[in-house]
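Undergrad: need a structure here:
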Amino acid sequence: MSDEVAGIEPGRIELFVPPDWFDLLADGADKEATRARCAEMIRLTYPNTPARRREEFVDGLMKCHECYLADGALMYGVITAPLPSTGAQAVWQVQAGVVAVPQAPDEVDLGELMSRVFDAQLKGQVAYVERFTTEMGIGIGFLSQPPVPVPEDWEEEVPADLRTGLAGALACPPEGGKGLLVIGTCLDPHQVRELAGLVAIIAGNSDFLPAAPPTPSDQ
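TA: The predicted structure follows:
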């Protein structure tokens, strides 16, 4: 898959996200700036949590930053806020990246694409798929509530029906070639529809832009 993406013509993308969006990758490879933003977000989100515990949360986010930056992700957003509809706490993660899509995107097999981009375990886990119009032209969205894999050496008791919420949307130009894949996960599987709405908004309103013209220093 990486070879296919490497063959895509370089360009830029205008991501459509909420104005108060927290993007873990906004500072790129600047770890110091990223850690400072993460620490402030955790402090505001968990003001009554002991400082040592908050530092562990920041360490976890920095590990995510390292992994997603190395994988070439464009965005990694975190949402920890009460939902307006129910007041329930949302713990969502949303990521986005460019993927190679067939030249005939109307024939995209979303299950196959998901298994190639992420993991074969996702194939067959997509419960609902819907097509919609995007700024790029074509959109395909899905949502699911797949079971959470538990390591064999996990010692704590885990419910047999433990599930998570998974939603994604692929937006691409009519001619195919490349697309923006936005994936969201939530700890509460019952929040997957609200999560799917956010994912669809991000994918549906984002757009690819031409590559920036070279500056005099580049020539």
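Undergrad: What separation is there between residue 20 and residue 152?
TA: Applying CB to CB, to the nearest Å, one obtains 41 Å for the distance of residue 20 from residue 152. C-beta here means a position set from N, CA and C on the backbone, and glycine is covered the same way.
Undergrad: Please say which of those two ends up with more neighbours.
TA: Remark: of residue 20 and residue 152, residue 20 carries more neighbours, 7 against 4, as counted by other CB atoms under 10 Å.
Undergrad: Going by secondary structure, that one is in what exactly?
TA: Taking DSSP states H and E as the definition, residue 20 sits outside all helices and strands.
Undergrad: Let's test this: what are the backbone torsions at it?
TA: phi -100, psi 20 (degrees, to the nearest 10).
Undergrad: need the longest helix for the chain.
TA: Among the segments of the chain that qualify as a helix by DSSP state H, the longest is helix 51-70.
Undergrad: Against which helices or strands is that one packed?
TA: Packing partners of helix 51-70 (3 or more CB pairs under 8 Å, 6 or more residues apart in numbering; DSSP states H and E): helix 31-45, strand 75-82.
Undergrad: any chance of those in JSON lines, plus mean neighbour count?
TA: Shown next, in JSON lines, are the helices and strands packed on helix 51-70 (neighbours: other CB atoms under 10 Å):
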{"stretch": "helix 31-45", "mean neighbour count": "15"}
{"stretch": "strand 75-82", "mean neighbour count": "17"}
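Undergrad: Reformat the ones you listed as TSV; add distance to residue 68 and mean pLDDT.
TA: What follows is the helices and strands packed on helix 51-70, written out as TSV (distance: least, CB to CB, whole Å; pLDDT from 0 to 100):
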stretch	distance to residue 68	mean pLDDT
helix 31-45	11	93
strand 75-82	5	86
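Undergrad: Out of the ones you listed, the one nearest residue 51 is which?
TA: Evaluated over the helices and strands packed on helix 51-70, closeness to residue 51 peaks at helix 31-45, with 8.8 Å, by CB to CB.
Undergrad: Helix 51-70 and the lengthiest strand in the chain, what's the angle between them?
TA: Secondary structure of the chain per DSSP state E: the longest strand is strand 89-99. Counting by axes from the mean of the first three to the mean of the last three CA atoms, to 10 degrees, strand 89-99 lies at 20 degrees to helix 51-70.
Undergrad: quick check, distance from strand 89-99 to the centre of its chain.
TA: When distances are taken as CA atoms, centre = their mean, to the nearest Å, strand 89-99 is centred 3 Å away from the chain's centroid.
Undergrad: Use 396 as the first number for this chain going forward.
TA: That works, and once the first residue is 396, the last one we named lands at strand 484-494.
Undergrad: which helices and strands does that strand pack with?
TA: The helices and strands touching strand 484-494, judged by 3+ CB pairs under 8 Å, 6+ apart, are strand 470-477, strand 574-581, helix 587-600.
Undergrad: Counting neighbours, which bits of the longest one end up buried?
TA: Residues of helix 587-600 classed as buried by neighbour count (16 or more other CB atoms under 10 Å): 587, 589, 590, 591, 593, 594, 595, 597, 598, 599.
Undergrad: Next, format these as a markdown table and append distance to residue 466 and pLDDT.
TA: Listed next are the buried residues of helix 587-600 as a markdown table, based on distance: CB to CB, whole Å; pLDDT from 0 to 100:
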| residue | distance to residue 466 | pLDDT |
| --- | --- | --- |
| 587 | 24 | 92 |
| 589 | 26 | 92 |
| 590 | 21 | 94 |
| 591 | 23 | 93 |
| 593 | 21 | 93 |
| 594 | 18 | 95 |
| 595 | 23 | 94 |
| 597 | 18 | 95 |
| 598 | 18 | 95 |
| 599 | 24 | 95 |
